[in-house]
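> no sequence on hand, only this structure:
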Ligand code: PHE
């Protein structure tokens, strides 16, 4: 019996070396350890062995069994690693002779308009600031003169995190940090994604983009605000744009306005797009409230400034004639590429 055990050991070792795939190893496992496998058969033969020898042979066979099991497990792992490496190597190979795809990507319409605006404002001496999307209650509300329990908070219901922070409801949330960073005088724009708890429809989204701008210096007045907005809009729409101001309330500006632009479709004569008024509402703005300057560490006796909160998503809709705001966030390339493939 001892010879048999030795012979099995040798044949197993040899066959193992030849088993180079997972299937081959599995076959080997069945051949040795399966119900009718060589090692199993050997164990069955034990019953014919007498006394003392039985015990000794039993130990030998069990030792062989363990060795076979271990070696098979090792081999399985080795092959698995090799196969994985081969797969990675294959994936890295690509066919350089394939023809170039006709389908070329494009930027999202919001990105395009944002960059265009950034260029225009940069040419007028504004810096472009980046800001986070998760902000504190202080940044979003308190610092811009909206204390706790102020009813203006109702218009900007949003998503709160468990730690008390929130997704910013407007780009004005960056005003304080930017004032503190640069002090006065200051010219900056800060585009950003904003979030509000809205029921969505063709005109409303819970996720949208704004482009805020502030300019703070000595003797800044409403006429500076009108000048910058008119210049910017005329460049974006590539034609002379008329603007008008209506009173509007926002706690962080005083006085506050809604800025309308002459209707892009009818040029101001009145059409269904502008509900026959000749005007489109585009951009809330105003003179920065002294409390907001103070919170930003700027002396309101010495400096004044204007702020505007351009609805970037709205502007994109107007520029490209997008009828449903939801198309812009859909990730639907068919819907999006029609605006940007020229
Ligand atoms: N933050 C305001 C809003 O989102 C817009 C705004 C910005 C108004 C700056 C005035 C000045 O509703």
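That came through fine. What you see is a predicted model, and the numbers here were worked out from it, not measured in a lab.
> helix or strand for the closest residue to the ligand within the chain, which one?
When you check the chain against the ligand by CB to the nearest ligand atom, the closest residue turns out to be residue 309, at 2.5 Å. For glycine as for every other residue, the C-beta is placed from the backbone atoms N, C-alpha and C. Element membership of residue 309, judged by DSSP states H and E, is strand 304-311.
> which other helices and strands contact that strand?
Secondary-structure packing of strand 304-311 (3 or more CB pairs under 8 Å, 6 or more residues apart in numbering; DSSP states H and E): strand 207-217, helix 222-237, strand 279-288.
> outside of the helix or strand just after that strand itself, list whatever touches it.
As assigned by DSSP H and E, the chain's next helix or strand after strand 304-311 is helix 312-320. Applying CB atoms under 8 Å, 6 or more residues apart in numbering, the external contacts of helix 312-320 come out as 109-110, 113-114, 117, 191, 205, 208-211, 236-237, 264, 280, 282, 322-323, 325, 328, 339.
> for the stretch 101-250 of the chain, which segments are assigned as strands?
Listed in chain order, the strands of the stretch 101-250 of the chain (DSSP state E, counting those that start in this stretch) span 127-128, 134-135, 166-167, 186-195, 207-217, 243-247.
> okay if I get those strands as a markdown table plus distance to residue 32?
Below are the strands of the stretch 101-250 of the chain laid out as a markdown table (distance: least, CB to CB, whole Å):
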| stretch | distance to residue 32 |
| --- | --- |
| strand 127-128 | 70 |
| strand 134-135 | 60 |
| strand 166-167 | 62 |
| strand 186-195 | 62 |
| strand 207-217 | 61 |
| strand 243-247 | 87 |
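> so which of the ones you listed comes closest to residue 145?
In terms of CB to CB, the element of the strands of the stretch 101-250 of the chain nearest to residue 145 is strand 207-217, at 14.1 Å.
> tell me which residues of that closest one are tucked away?
207-216 (16 or more other CB atoms under 10 Å).
> re earlier: can you give the contact residues for the strand holding residue 309?
117, 170-172, 175, 184, 186, 208, 210-222, 224-225, 228-229, 252-253, 259, 282-288, 293.
> what is the neighbour count of the closest residue to residue 75 other than its chain neighbours?
Distance criterion CB to CB, 6 or more residues apart in numbering; nearest residue to residue 75, sequence neighbours excluded, is residue 25 at 5.2 Å. Look at residue 25: counted by other CB atoms under 10 Å, it has 21 neighbours.
> tell me which element residue 25 falls in.
helix 22-33.
> mean confidence for that helix?
Mean pLDDT, helix 22-33: 90.
> mind giving me the packing neighbours of it?
By 3+ CB pairs under 8 Å, 6+ apart, helix 22-33 packs against helix 2-18, helix 38-45, helix 51-92.
> can you give the contact residues for it?
8, 12, 15-16, 18-19, 37-40, 65, 68-69, 72, 75-76, 79-80, 83.
> what's the answer for stretch 329-340, then?
106-109, 112, 205, 207, 320, 322, 327-328.
> please report which of the residues you listed has the highest neighbour count.
Busiest of the contacts of stretch 329-340 [other CB under 10 Å] is residue 328, holding 23 neighbours.
> can you count the residues close to residue 28?
Applying other CB under 10 Å, we find 21 residues neighbouring residue 28.
> wait, residue 84
The tally of other residues near residue 84 (other CB under 10 Å) stands at 10.
> do the one 10 residues further on as well
Other residues lying near residue 94 total 7 when counted by other CB under 10 Å.
> what sits against residue 168?
Contacts of residue 168 (CB under 8 Å, 6+ apart): 131-135, 139-140, 158, 174, 192, 194-195.
> just the buried ones out of those residues, please.
131, 135, 139-140, 158, 174, 192, 194-195.
> so where's the stretch 201-342 of the chain uncertain?
Along the stretch 201-342 of the chain, the model assigns pLDDT under 70 to residues 340-342.
> near the ligand, which residues of it are found?
Neighbours of the ligand within the stretch 201-342 of the chain, by CB under 6 Å from any ligand atom: 212, 250, 253, 256, 284-286, 307-309.
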